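1. fold the following and give me the result.
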Amino acid sequence: MGASKTEHFTAHQNQIATIAKALGHPARIAIIEYLLSVDTCICGDIVNELPLAQPTVSQHLKELKNAGLIKGSIDGNAICYCIDENTFDILKNYFSMIVTTATKQKCC
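-> Sure thing, here's the model as predicted:
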């Protein structure tokens with residue numbers, strides 16, 4: 001979405017679009033799934049879990065962090081990543097609303 005058009009939409013619509021865009025790559029989905037499976041903060045192990053180079057993984061982590069899907073903290077010379085529960089609550093509420101509304105519609 002062009003930067004000049006985002007002002008025509010609500011902050012919530014822009015937020016959901018940013019989150020959805022960040023989830024729009026299979027490597028990022030794999031990172032999210034890995035973080036969910038280990039249920040703890042991860043420092044550096046993510047590169048070993050993906051068939052991608054370290055700089056590429058770092059770029060995907062940056063996109064996920066910018067969208068608020070993950071959070072990172074510095075531990076010595078490493079950054080530890082974990083799921084940001086607040087953003088997933090936003091997604092849960094949004095998709096719950098969509099599913100509830102869609103199942104009640106009597107269209108087509």
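
2. mind listing the strands for this structure?
-> 42-43, 70-75, 78-83 (DSSP state E).

3. pull the helix or strand with minimum mean pLDDT from the protein.
-> None of the helices or strands of the chain scores lower by mean pLDDT, DSSP states H and E than strand 42-43, at a mean of 82.

4. show me the residue at the heart of the chain, geometrically.
-> Geometric centre of the chain, nearest residue: Leu69, 3.5 Å, by C-alpha atoms, centre = their mean.

5. chain neighbours aside, what residue packs nearest to it?
-> Of all residues not flanking Leu69 in the chain, Thr87 sits nearest, at 5.3 Å (C-beta to C-beta, 6 or more residues apart in numbering). The way it works is simple: take the backbone N, C-alpha and C, and place the C-beta from them, glycine included.

6. mind listing what the one you found touches?
-> Going by C-beta atoms under 8 Å, 6 or more residues apart in numbering, Thr87 touches 19, 67-69.

7. how about a cut-off of 7 Å?
-> 19, 68-69 (C-beta atoms under 7 Å, 6 or more residues apart in numbering).

8. can you give me the helices in the chain?
-> All helices of the chain, identified by DSSP state H, fall at 11-22, 26-38, 46-49, 54-66, 85-104.

9. distance to Ala78 added to these, as JSON lines?
-> Putting the helices of the chain into JSON lines (distance: least, C-beta to C-beta, whole Å) gives the following:
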{"stretch": "helix 11-22", "distance to Ala78": "22"}
{"stretch": "helix 26-38", "distance to Ala78": "15"}
{"stretch": "helix 46-49", "distance to Ala78": "11"}
{"stretch": "helix 54-66", "distance to Ala78": "12"}
{"stretch": "helix 85-104", "distance to Ala78": "22"}
